[in-house]
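Asker: Whatever this is, show me its structure:
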Amino acid sequence: MRVMAPRRAVAAALAAATMLAGSWTAVAAADEPAPAATAQTVFGGDGPHPVSTSVRTNPCQDSVYGMIQHIAVHLLGNRDDLTCTQAFPNGLESPAGVNTYYPADIADLGSAPLIVLTGGFDSNPGQYDRLARQWVSNGFVVVIAYEWFNSLAYVPAAALAVAMTTDRDPASPLYRRIDLSHTVFAGHSGGGQASLQIATLLPPVEKSVDPELHVTGVLAIQPGPLAVGALINVPTLFLTGYNDFVVPDFAWVRWWQYNLTFNAPAWIANARGVSHFSVVDGIDNYLSAGTAVAWLRYLGFGDETAKSYFVGPDWQLPADQTYFSVERNALANEVR
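Answerer: Next comes the predicted model:
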């Protein structure tokens, strides 16, 4: 009995300690804060609006040229298959044109902000079909100009001209439905460069082009080098990719674009796991897709949730674990 009593006491103490530890664990688990919402979790999906367009796409590998593009992006990490239109050299249709996407319920919306999207050098417009549809589902009209080179300001200018003509055409379902006062230029790679160029040239003369026209900002996704930040006068978000060796975050996109944007608010965000071609992957696999939507909704609608990722002393993007680094310039710090 003298032996068993201490053993029973030890066993009881261990059982009590185990129960107490379990209760502490439960309390600690309950007290742990939920993971912070990222822009991708909040804005990365489709919006509520159905999409209308005459654009038809097919697998890029249906053509020899498209198969080469398809293989190249998969070797660089893309997961989803590329989609293409029949624009030459991926098909036998015209190599130049403008594709238009808009909310199918736009008559109920009254009007919709305009996004002028320009793809990258050597891209096919169908490769941006999924991105355009996501933006339209969030309430925007999207026009995509293309001519294979896709790297100079005349390309987005052509898309804008088509949008303005469509808005003035009584036979168009978009007649007086495009909100030109909220026009955003967005582009990837060479198209990002072209978007920065047109956003440099157009704002000083926009009212002489059309009294309703106003450029509210730029979304420059891994842009090419032929644009200078010191010439930009509208809010600009530069999105880069940590795995991008074509447009590295540490190269010109910082040297003479973001770092030299003295005359406008500017932000730059470098996403982990994003390569140069992630933007033409599926939106679930393009990890900056939600941030892009947040930026567009902030510029186009003044969306307060979207705005919170970019504006104010407690802006949320620096805490977003999607990004290796996030910065904004002095003028962006002053935005309220």
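Asker: tell me the SS of the most centrally placed residue in the chain?
Answerer: For the chain, A292 is the residue whose C-alpha lies nearest the centre (C-alpha atoms, centre = their mean; 2.6 Å). Secondary structure state of A292, per DSSP: H, G, I helix; E, B strand; the rest coil, is helix.
Asker: Can you check the pLDDT for it?
Answerer: Here the pLDDT value assigned to A292 is 98.
Asker: Could you check how far it is from I283?
Answerer: From A292 over to I283 the distance is 9 Å, taken as C-beta to C-beta, to the nearest Å. C-beta: built from backbone N, CA, C; applies to glycine.
Asker: ok, the residue nearest to the centre of the chain - contacts?
Answerer: 131, 186, 219, 221, 239 (C-beta atoms under 8 Å, 6 or more residues apart in numbering).
Asker: hey, what's in contact with both of A292 and I283?
Answerer: Here A292 and I283 have L131 as joint contacts, going by C-beta under 8 Å, 6+ apart.
Asker: what about stretch 114-122, how long is it end to end?
Answerer: Length of stretch 114-122, first residue to last, C-alpha to C-alpha, to the nearest Å: 24 Å.
Asker: from the middle of its chain, how far away would stretch 216-224 be?
Answerer: Remark: stretch 216-224 is offset 9 Å from the chain centroid, using C-alpha atoms, centre = their mean, to the nearest Å.
Asker: Return the set of buried residues in it.
Answerer: For stretch 216-224, the neighbour count (16 or more other C-beta atoms under 10 Å) marks 216-224 as buried.
Asker: Mind picking the one among those residues that's closest to P89?
Answerer: Set against P89, the nearest of the buried residues of stretch 216-224 by C-beta to C-beta is G224 (20.6 Å).
Asker: Identify the residues contacting D81.
Answerer: Contacts of D81 (C-beta under 8 Å, 6+ apart): 59-61, 70.
Asker: Dump stretch 139-158 to CSV, restricted to CA.
Answerer: Extracted C-alpha coordinates of stretch 139-158, given in CSV (Å, rounded to 0.1, in the frame of the first residue of the first chain):
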residue,chain,number,x,y,z
GLY,A,139,-19.1,45.9,-63.2
PHE,A,140,-16.6,47.3,-65.8
VAL,A,141,-16.6,47.6,-69.6
VAL,A,142,-13.3,46.2,-70.9
VAL,A,143,-11.8,46.9,-74.3
ILE,A,144,-8.7,45.0,-75.5
ALA,A,145,-6.8,46.4,-78.4
TYR,A,146,-4.2,44.2,-80.1
GLU,A,147,-1.8,44.2,-83.0
TRP,A,148,0.9,41.6,-81.8
PHE,A,149,3.5,44.3,-81.0
ASN,A,150,1.3,45.8,-78.3
SER,A,151,3.9,48.1,-76.9
LEU,A,152,3.2,51.7,-77.8
ALA,A,153,0.6,54.3,-76.9
TYR,A,154,-1.4,54.1,-80.1
VAL,A,155,-2.6,50.6,-79.2
PRO,A,156,-4.6,51.6,-76.1
ALA,A,157,-5.5,54.9,-77.9
ALA,A,158,-7.2,52.8,-80.6
